[in-house]
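K.L.:
using only what follows, build the 3D model:
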Amino acid sequence: AMCYTRIWCCYEVWVSTSDRVRSPDAPRYLYDMYTVNPKGDYVGIMDGSAKGVVSAKRQEVRSARKFPIELCRRALNLCLEKADASDEKDKRHILNLCLEK
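P.N.:
So this is what the prediction gives:
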């Protein structure tokens, strides 16, 4: 969940998934979250669906059920203004970029 505390990480996700910053003819990127749970299992939540094998959908559902709900809460409760940055100038610049129309 470290990425939800760092302003550059948050900014990169926003740039890649936001409709505001991509050109109208560019494809929409999806955002998948993966982590390792305390049992050592790789688990994830996908923004979209895996292509190919029908059983992939069942695997997605099993993986999502095991995904730590606390990470979802942290992602959904993200406050960019509170994110950390090594350089305060970078933070101010990123916040200003996100406010531009």
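K.L.:
contacts for stretch 16-36, please.
P.N.:
With contact meaning Cβ atoms under 8 Å, 6 or more residues apart in numbering, stretch 16-36 is reached by 1, 13-15, 42-48, 67-68, 71, 75, 101. All C-beta atoms are positioned from the backbone trio N, CA, C, and that covers glycine.
K.L.:
what's the PyMOL line that selects buried ones from the residues you listed?
P.N.:
Only the buried entries of these go into this PyMOL selection, using 16 or more other Cβ atoms under 10 Å:
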select buried, resi 13+14+43+45+67+71+75
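K.L.:
now, the most widely separated pair of the contacts of stretch 16-36?
P.N.:
Tyr42 and Lys101 (38.9 Å; Cβ to Cβ).
K.L.:
one step back: which of the contacts of stretch 16-36 fall within strands?
P.N.:
Tyr42, Val43, Gly44, Ile45 (DSSP state E).
K.L.:
export the residues you listed to TSV and append columns for distance to Pro24.
P.N.:
Shown next, in TSV, are the ones in strands among the contacts of stretch 16-36 (distance: Cβ to Cβ, whole Å):
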residue	distance to Pro24
Tyr42	35
Val43	35
Gly44	30
Ile45	28
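K.L.:
appreciated, that's everything.
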